[in-house]
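Undergrad: below are the sequence and a predicted model for it; my questions follow.
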Amino acid sequence: MRYEISGKDIILYEDDLELDDVLDTGQAFRWNKVGENAYFGYCLDHPLEISGTNGRFILKNTTEDDFLNVWVGYFDLGTDYSALRTLYSNDPVLCSACGFSRGIRLLRQDSWEALVSFIFSSNNNIKRIKGIIARLAEHYGHFPTASELSAETAESLGYLRAGFRAKYIVDAAQKVASKEVDLKKAASLPYDEARAELMKIKGVGPKVADCVLLSGMYRTEAFPLDVWMKRVMEEYYKDGLPQEFYETRGIAQLYLFNYIRKYKGEEK
């Protein structure tokens with residue numbers, strides 16, 4: 001990674017990044033395309049407009065402090081994805097997936113924002129999830145904390161049009177606010193224990209727990225299995241991914257997910 005300051009903008013030079021691969025593939029739901037190779041979105045209450053391709057990106061109206069303390073971590077710019085793709089090239093399917101989506105990176109989101117987002121993702125599609133989260137943030141004027149949401153009911157959240165998921169969000173907020181489920185503690189637990197801790201929340205099953213662990217806690221051994229990934233595993237990895245990929249199999253999953261989803265036909 002290399003960057004420079006240009007007026008009120010940050011110019012980022014990073015070969016292993018393509019915005020369409022990262023911001024429009026179901027990792028995070030607070031990004032909207034605003035032009036060719038350009039997106040506007042948020043990490044919690046930090047807004048960003050970012051544009052660019054082919055290794056050069058502009059982060060508009062971004063201070064160096066925000067870039068270093070928010071966006072370097074969010075875009076996982078400290079990880080060498082070229083080295084990961086070299087590792088994955090030992091497997092023919094993963095090699096093809098990496099070639100198809102060379103610019104994928106794991107978005108390292110806030111654990112609470114990731115938990116809320118992926119609870120809303122249950123049996124849902126990307127367009128509707130984005131709408132629900134946008135209505136939530138608009139209602140509060142920011143992304144609400146667990147304490148704020150803990151006072152809600154499924155009925156008071158009716159404006160979200162989130163259906164059965166509203167009661168799960170209330171349960172999550174109450175358990176996180178009371179520390180019955182401690183997200184910070186969960187992040188450092190052994191993987192199986194961390195997964196079980198998150199699954200104390202209603203509506204959080206194995207897939208949602210793995211999404212939160214991967215995206216919200218940077219547990220790269222987490223391996224979310226949705227309908228697309230189940231198809232990948234049934235077709236190509238009946239005995240599971242090779243053990244050599246275990247520690248970063250969550251990142252491998254990002255390449256495989258995007259490959260199979262776009263190859264078989266994108267979700268509408």
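TA: Received, thanks.

Undergrad: quick one: the helices in the stretch 1-150 of the chain, in order.
TA: 19-23, 64-66, 72-74, 81-88, 92-100, 111-120, 126-140, 146-150 (DSSP state H, counting those that start in this stretch).

Undergrad: how about stretch 31-42: buried residues?
TA: Trp31, Ala38, Tyr39, Phe40, Gly41, Tyr42 (16 or more other C-beta atoms under 10 Å). In short, each C-beta sits where N, CA and C put it, glycine included.

Undergrad: am I right that Glu155 is in a strand?
TA: No: Glu155: not assigned to a strand; according to DSSP: H, G, I helix; E, B strand; the rest coil it is coil.

Undergrad: and it, how many neighbours?
TA: Summarising burial for Glu155: neighbours were counted as other C-beta atoms under 10 Å, giving 9.

Undergrad: just the buried residues of stretch 31-42: which are in strands?
TA: Trp31, Ala38, Tyr39, Phe40, Gly41, Tyr42 (DSSP state E).

Undergrad: redo those residues as CSV? Include pLDDT and distance to Phe118.
TA: Below are these laid out as CSV (pLDDT from 0 to 100; distance: C-beta to C-beta, whole Å):
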residue, pLDDT, distance to Phe118
Trp31, 97, 15
Ala38, 98, 26
Tyr39, 98, 20
Phe40, 98, 22
Gly41, 98, 16
Tyr42, 97, 16
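
Undergrad: quick revisit: with respect to burial, which of the helices of the stretch 1-150 of the chain scores highest?
TA: helix 111-120 (a mean of 25; mean count of other C-beta atoms under 10 Å).

Undergrad: counting by contacts, list what it packs against.
TA: Applying 3 or more C-beta pairs under 8 Å, 6 or more residues apart in numbering; DSSP states H and E, we find helix 111-120 packed against helix 126-140, helix 165-177, helix 183-188, helix 206-217.

Undergrad: how about the third one: buried residues?
TA: Meaning helix 183-188. Under 16+ other C-beta under 10 Å, the buried positions of helix 183-188 are Leu183, Ala186, Ala187.

Undergrad: what's the answer for the last one, then?
TA: When neighbours are counted by 16+ other C-beta under 10 Å, the buried residues of helix 206-217 are found to be Lys207, Val208, Ala209, Asp210, Cys211, Val212, Leu213, Leu214, Ser215, Gly216, Met217.

Undergrad: and Leu214, how far is that from Ala222?
TA: Plainly put, Leu214 is 4 Å away from Ala222 if you go by C-beta to C-beta, to the nearest Å.

Undergrad: list residues touching both of those two?
TA: Gly250 (C-beta atoms under 8 Å, 6 or more residues apart in numbering).

Undergrad: residue contacts, Leu189?
TA: Leu189 neighbours (C-beta under 8 Å, 6+ apart): Glu197.
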